[in-house]
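Q: Sequence and predicted structure, then a few things I'm wondering about:
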Amino acid sequence: MNLTVFAIGSLDPYRGNPSSPLSSYLTIEMGMLMCFLMVAVFSMRGGGAEGTDRGGVVLGTPPYRIHTLFSVECFNYFDWQTVGLMNSFRKARQPGPVTRLLSCTDQEMKNYKGMDLAPTLRVPSMSRHPKTGDWYPAINKPAGVLHWLKHSEDAQNVDWVIILDADMIIRGPIIPWKLGAEKGKPIAAYYGYLVGCDNILAQLHTKHPEFCDKVGGLLVMHIDDLRALAPMWLSKTEEVRADRAHWATNYTGDIYSSGWISEMYGYSYGAAEVGLRHKINENLMIYPGYIPREGVEPILLHYGLPFSIGNWSFSKLDHHEDNIVYDCGRLFPEPPYPREIKDMKSDPNQRRGLFLSMECINTLNEGLLLHHASHGCPKPKWSKYMSFLRSQAFADLTKPKELTQKTLQMREDDVHKQVVEDAPGKPHPKIHTIFSTECTPYFDWQTVGLVHSFHRSRQPGGITRLLSCTDEDLKEYKGHDLAPTHYVPSMSRHPLTGDWYPAINKPAAVVHWLNHVKVDAEYIVILDADMIMRGTITPWEFNASKGRPVSTPYNYLIGCDNILAKIHTRHPESCDKVGGVIIMHISDLKKFSLLWLHKTEEVRADVAHWSKNITGDIYESGWISEMYGYSFGAAELNLKHTISDKLLIYPGYVPAPGVNYRVFHYGLEFRVGNWSFDKAKWRHLDVVNKCWSKFPDPPDRTSLDTSNDEFFQRDLLSIECANSLNEALKLHHERSKCPDPNTPVIQTQKTPDPPPLISQEHVKTTGEVARSRKSEKLENEMKNESQDLSPPAEMNQTFSSMRLMIIALWAFAFCGFALVMMVMISARKGHRKKSKSSKYKRRSLSSGLWDRNPEM
């Protein structure tokens, strides 16, 4: 059992006065201590329920052991912050022990006076880096955490770790599971200025820049996650600190361009490396001076910035060398009183903001007052401010705060943290799948293949084909029954400019569908017609959420990194190179779709920037304008994608070991031995309406060479894709009541193929990607992407023991009786000594250490 006991006598340095509020408080404290010790005895004997919260969780027992850490150095500046944090730690009734990680050199320790300010683990100082000689004290934070993990016994007896900064005030208990923390998914506060998560800095310092979260301040994580993270946190801090070439403000957001926030990036990049996906909360922590959102009750004040109340102000930097902890009777300047603050602002939220600022400095001063008293300082003179700090009004203002529902709300764009859990009895959000085609045989056989695979994959929800046709095309069209269809006016020939660009039909069709159909789905999955589904594509599996779509990488969209993005979006830093499979919340799609269309028109019209070195289009024809329209439109709304290469694979590519790809995208030619398939060769052949037509059968798997496992797995997937297409055609022909297949039918082999677009001898390298571009130019295709993540794990918090509950109730009943008796005895003694007490009070008020302040 972890048990941290603070000296209760230090809470009331004036217990010589039997009638003082603090003396009565001491009596109750002693009674509570007795109760606590009795319950502890029962707990250690296996028959108590010590620390049981309202949810039945036994705090301090696995898996509910909490430990709080904060990092400081051997300076006065951190000592007064420590006093304030420790005072708030006790007031907030934060569960579990706390450890101050004290980074000091041997020379500094000789003169250091503050070892008793908090439970402390001394940590070797890395302010001056032992190898590089670089002066960077902020590195002591990850270095201290790593030292604690390696050398502290507490680190072996804990489940959850809370990491705070010294310049914080705790307002209420921080309980990891109540905040929503999970193993692999820590809770963190939002640090939006860490722009290096979105630019080249992240690409340089982490293999997973798409996982970089702009977080810091409050960190709540599982001990196993911290063990994995800590070494990487330290090494990435060293790495970013050494990267002086990228210290500039436009890379880091550091207005001083000094590399001072390298440790923050070290944390974000380290977490990205080990796969931690944060649940980001903007409500738990607030800077004094900021206005809280309506209904939000912050449980942490971070006074890292200057703040003011009327003409009064406070900045921690003004007290960098302040010896206030060791100067008896000295406090920080007193702020305005509650009655004065009420007259300053009429808006309730602005007034709450001022009250938070007042609470912050008053909690600091209260901590200093108690610290001075516990170290033998003389009693301070009476003043209105001293009286206020001892009043019931102040006690009520600073009592532990309860979490509200709005406080627990995560950031809307923090999708991978706000996943719908795959839990029994918890309904999943509704899904609908859409894809865009045109009225041609080429898209018809692709539709047959996709719709067949959709049903075979057991994809939830429905599917809709967005069919773009002219009136003339519709008169001759035969494929109305191939899929559930929404008809869309064709924009292949732009109605205003006359530009021939069929690819624009995709965003135009999505806009039309949203404006003409009542969509009863929360998430939309957008696919291309030339895809085969192998499994379900769901937001809860791939961590899609509102404000954070999921997609797959299209790294050739180099226009995201150059002048093209700067011309066509106000937020080029938010441009993601994505496409293909898209999972998006319906509210995001409604806001985004029109921008997708408009940005496509913009880029298509920007002929001056069609060149290969700007767009990546080797044919410099503007054919991938729609892809840029998507990326630039999303950037305009700051829609950041979760990007993964583990959901989609091109047949003919070597699969990653162990990955269960959900989609084949056969946009490129692929081959198995002498057999090959290129969809472009089947552009004008009507295999859907000619009974029993099919594609050439791929080789049998038994004929494959198994000597190279990578090539063997690649060929198996290629065969699977081709067989899926032929199976879909066969079933379609059966439903169409074609004649017996044993009778002579039109054989597709007799139909001459168009000339190959690309030499068959080309290998699948960069040249093949070039081939795919050419196919796209001829076929009006779009490429896409998505992400594979693990579904969130659930925490089992079931504790049921009638024996424990009965003994606990008995223990607390006995304690309650003891408390009542103590209070009655105390009151009786006070009545007997009433006259003596009154005389004592008069003497105390007229002389002594509580004399009236002449300045008041």
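A: Great, that's in hand.

Q: mind listing the helices for the stretch 351-500 of the chain?
A: Counting by DSSP state H, counting those that start in this stretch, the segments of the stretch 351-500 of the chain that form helices are 384-389, 392-397, 441-456, 471-476.

Q: is it fair to say residue 313 lies in a strand?
A: Yes. Under DSSP: H, G, I helix; E, B strand; the rest coil, residue 313 sits within a strand.

Q: Give the burial count for it, as a bare number.
A: Residue 313 is flanked by 14 other residues according to other Cβ atoms under 10 Å. For glycine as for every other residue, the C-beta is placed from the backbone atoms N, C-alpha and C.

Q: How about it: what's its closest non-neighbour residue?
A: Among residues not flanking residue 313 along the chain, residue 306 sits closest, at 6.3 Å (Cβ to Cβ, 6 or more residues apart in numbering).

Q: try residue 662
A: Leaving aside its chain neighbours, residue 662 sits nearest to residue 535 (4.3 Å; criterion: Cβ to Cβ, 6+ apart).

Q: and that neighbour, how many neighbours?
A: A total of 16 residues lie near residue 535 under the criterion other Cβ under 10 Å.

Q: how many other residues sit next to the residue nearest to residue 313?
A: When neighbours are counted by other Cβ under 10 Å, residue 306 comes out with 14.

Q: which residues does residue 491 contact?
A: 468, 504, 505, 508 (Cβ atoms under 8 Å, 6 or more residues apart in numbering).

Q: quick one: the closest residue to it other than its chain neighbours and residue 575, what's the gap?
A: In space, and not counting its chain neighbours, residue 491 is closest to residue 508: 4.6 Å by Cβ to Cβ, 6+ apart. Distance of residue 508 to residue 575, given as Cβ to Cβ, to the nearest Å: 22 Å.

Q: Which one's more surrounded, these two?
A: residue 508 (26 against 23).

Q: Mind checking which of the contacts of residue 491 land in strands?
A: residue 468 (DSSP state E).

Q: Greatest separation within the contacts of residue 491: which pair is it?
A: 468 and 504 (9.2 Å; Cβ to Cβ).

Q: so what sits against both of these two?
A: 491, 492.

Q: before we move on, back to that, between the helices of the stretch 351-500 of the chain, which gets nearest to residue 90?
A: helix 392-397 (13.0 Å).

Q: Could you tell me which residues within the closest one count as buried?
A: residue 394 (16 or more other Cβ atoms under 10 Å).

Q: just checking, what packs against it?
A: helix 348-374 (3 or more Cβ pairs under 8 Å, 6 or more residues apart in numbering; DSSP states H and E).

Q: Please tell me the pLDDT value assigned to the closest residue to residue 497 other than its chain neighbours.
A: Using Cβ to Cβ, 6+ apart and skipping residues adjacent in sequence, the residue nearest residue 497 is residue 605, 7.2 Å away. According to the prediction, residue 605 has pLDDT 96.

Q: and what of residue 63?
A: Residue 63 is given a pLDDT of 87.

Q: thinking it is in contact with residue 159, fair?
A: Yes. Taking contacts as Cβ atoms under 8 Å, residue 63 lies within contact range of residue 159: 4.5 Å.

Q: which of these two has more neighbours?
A: residue 159 (19 against 15).

Q: List the residues that contact the more buried one.
A: Applying Cβ under 8 Å, 6+ apart to residue 159 gives the contacts 62, 63, 64, 65, 66, 222, 223.

Q: Can you list phi and psi of it for me?
A: phi -110, psi -40 (degrees, to the nearest 10).

Q: From residue 359, how far out is it?
A: 31 Å.

Q: do residue 80 as well
A: Separation of residue 80 from residue 359 (Cβ to Cβ) stands at 17 Å.

Q: Could I get the average pLDDT for stretch 207-215?
A: 92.

Q: First-to-last residue distance for that stretch?
A: 18 Å (Cα to Cα, to the nearest Å).

Q: List the buried residues in that stretch.
A: Buried-residue list, stretch 207-215, by 16+ other Cβ under 10 Å: 209, 210, 211, 212, 213, 214, 215.

Q: Reformat the residues you listed as CSV; add distance to residue 652 and secondary structure.
A: As requested, those are exported to CSV (distance: Cβ to Cβ, whole Å; DSSP: H, G, I helix; E, B strand; the rest coil):
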residue, distance to residue 652, secondary structure
209, 28, helix
210, 25, helix
211, 28, helix
212, 32, coil
213, 35, coil
214, 38, coil
215, 40, strand
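
Q: Out of those residues, the closest to residue 579 would be?
A: Of those, the one sitting nearest to residue 579 (Cβ to Cβ) turns out to be residue 210, at 14.6 Å.

Q: Residue 646 is in contact with the closest one, correct?
A: No. With contacts counted by Cβ under 8 Å, residue 210 stays clear of residue 646, the gap being 11.9 Å.

Q: which ones are touching the residue lying closest to residue 291 once chain neighbours are set aside?
A: Nearest non-adjacent residue to residue 291, counting by Cβ to Cβ, 6+ apart: residue 353, 4.2 Å away. By Cβ under 8 Å, 6+ apart, the contact set of residue 353 is 289, 290, 291, 292.

Q: hang on, isn't the first one packed against residue 305?
A: Meaning residue 289. Yes. Using Cβ under 8 Å as the test, residue 289 is close enough to residue 305 to be in contact (6.6 Å).

Q: that older thread, where's the residue nearest to residue 497 relative to residue 502, distance?
A: From residue 605 to residue 502 the distance is 16 Å (Cβ to Cβ).

Q: Of those two, which one has the most company?
A: Between residue 605 and residue 502, counted using other Cβ under 10 Å, residue 502 has the larger neighbour count: 18 against 13.
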